[in-house]
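Asker: got a sequence here, can you model it:
(one chain, ligands or ions: 2)
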Amino acid sequence: MDLQAGARAAVELSAVQKTFLSARGAIHALTQTSLAIRPGQFVSIVGPSGCGKSTLLSLIAGLDAPSAGKILIEGQEVRGPHESLGVVFQRDLLLDWRTVMDNVLLQVEMRGLLPKAHASTARELLDMVGLQGFHGRYPRELSGGMRQRVAICRALVHNPLLLLMDEPFGALDAMSRDRLNVDLNRICSETKKTVIFITHSIAEAVFLGDRVVVMSSRPGRVVADIDIEAPHPRDLSFRESPEFAGYVRRVRTIFEAEGVL
Ligand code: ADP
Ligand code: MG
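Answerer: Ligands and ions are numbered 1, 2, ... in the order given. Predicted coordinates for the structure are as follows:
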């Protein structure tokens, strides 16, 4: 399967709000969030803990409905769980009793598709993330970084339009995180997916993003939207450049002004 074949979505949020009702009253998780994402764009969303980032992602995934406003994927309003999605969470959620290969193919099985038809894509993806030779291993034989690579392959094996990532590298040590940043950047430039990547690391947001959307504390709203003008693929030397430092400073200044830092 050609992992690039037309598989990228445009996403549009207009005036999206989300309020949770609880016994202790209403929690305004998101207010007036509008965002237009071009097909193939990698958008980093950075914001303090509790500002509604995961909420935003679950609304885009169609796992929950906005209290007001609209979300469109490919021009279609999201009204329930969206089919053509890949999701990666902070926890890799691999099944211990399945091999690496079978964990990747789980995505296909759960969708009622034929595992056989996707085996070559699964192999291709695993090799792309540096897991050649590990296809038959079990999750317990892998490091945290390798496990998260398997989770990324599982999210991509059905060639979704849109990849949603919710702090996927938050539980990794700094070195594994750096390597995964470089690899994810390469994979996304090769597959040209539309990606929404949530993080609370400013450096990670800038390193990966075509664009960094900065959110305020709860209730979350977009306080800045910054284009990161640097070609892909990027390597770690980008992080040592004055341009990179400039972007990081811009985001940090916004957080300081918002009273977050
Ligand atoms: P983030 O991912 O940015 O840390 P979340 O989106 O998880 O933030 O949460 C935003 C706010 O909404 C938090 O105050 C959280 O407690 C609240 N919240 C999230 N999900 C629910 C829910 N299902 N019911 C009630 N409150 C929720
Ligand atoms: Mg979260």
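Asker: backbone torsions only: list them for the spatially closest residue to P160 that is not a sequence neighbour.
Answerer: With Cβ to Cβ, 6 or more residues apart in numbering as the criterion, P160 has its nearest non-adjacent residue at 4.2 Å, and that residue is G86. For every residue, glycine as well, the C-beta is placed using N, CA and C. With angles defined as degrees, to the nearest 10, G86 sits at phi -120, psi 140.
Asker: buried residues in the longest helix anywhere in the chain?
Answerer: Longest helix in the chain, counting residues (DSSP state H): helix 174-191. Neighbour-count burial for helix 174-191, counted by 16 or more other Cβ atoms under 10 Å, picks out 176-188, 191.
Asker: what's the closest of those to V46?
Answerer: Comparing these against V46 with Cβ to Cβ picks out N181 as the nearest, at 13.9 Å.
Asker: got a pLDDT number for the residue nearest the centre of the chain?
Answerer: The C-alpha lying nearest the average C-alpha coordinate of the chain belongs to M165 (Cα atoms, centre = their mean; 2.2 Å). On pLDDT, M165 comes in at 97.
Asker: what does D2 give?
Answerer: pLDDT, D2: 56.
Asker: what residues does the stretch 1-150 of the chain put near ligand 1?
Answerer: F20, S22, I27, A29, G47, S49, G50, C51, G52, K53, S54, T55 (Cβ under 6 Å from any ligand atom).
Asker: identify the farthest-apart pair in those.
Answerer: For these, the farthest-apart pair by Cβ to Cβ is S22 and G47; their separation is 21.3 Å.
Asker: so L163: helix, strand or coil?
Answerer: Three-state assignment for L163 (DSSP: H, G, I helix; E, B strand; the rest coil): strand.
Asker: you'd agree it is up against L156?
Answerer: Yes: the pair L163 / L156 is scored as a contact, 6.8 Å apart, by Cβ atoms under 8 Å.
Asker: touching both of these two, which residues are there?
Answerer: Common contact partners of L163 and L156 (Cβ atoms under 8 Å, 6 or more residues apart in numbering): G86, K193.
Asker: okay, now the unreliable bits of the stretch 101-250 of the chain?
Answerer: Along the stretch 101-250 of the chain, no part satisfies pLDDT under 70.
Asker: bridging residues for V195?
Answerer: F42, L163 (DSSP bridges).
Asker: against ligand 1, how distant is it?
Answerer: According to Cβ to the nearest ligand atom, to the nearest Å, V195 and ligand 1 sit 17 Å apart.
Asker: what about that residue, how many neighbours?
Answerer: By other Cβ atoms under 10 Å, 25 other residues sit near V195.
Asker: so it sits against P39, correct?
Answerer: No: using Cβ under 8 Å, V195 is not in contact with P39; the gap is 11.0 Å.
Asker: tell me the contacts of the residue nearest to P160?
Answerer: G86 sits next to Q107, R154, A155, L156, H158, P160, L162, L163, L164 when contact means Cβ under 8 Å, 6+ apart.
Asker: find the closest residue to ligand 2 in the protein.
Answerer: Per Cβ to the ion, S54 is where the chain lies closest to ligand 2, at 3.2 Å.
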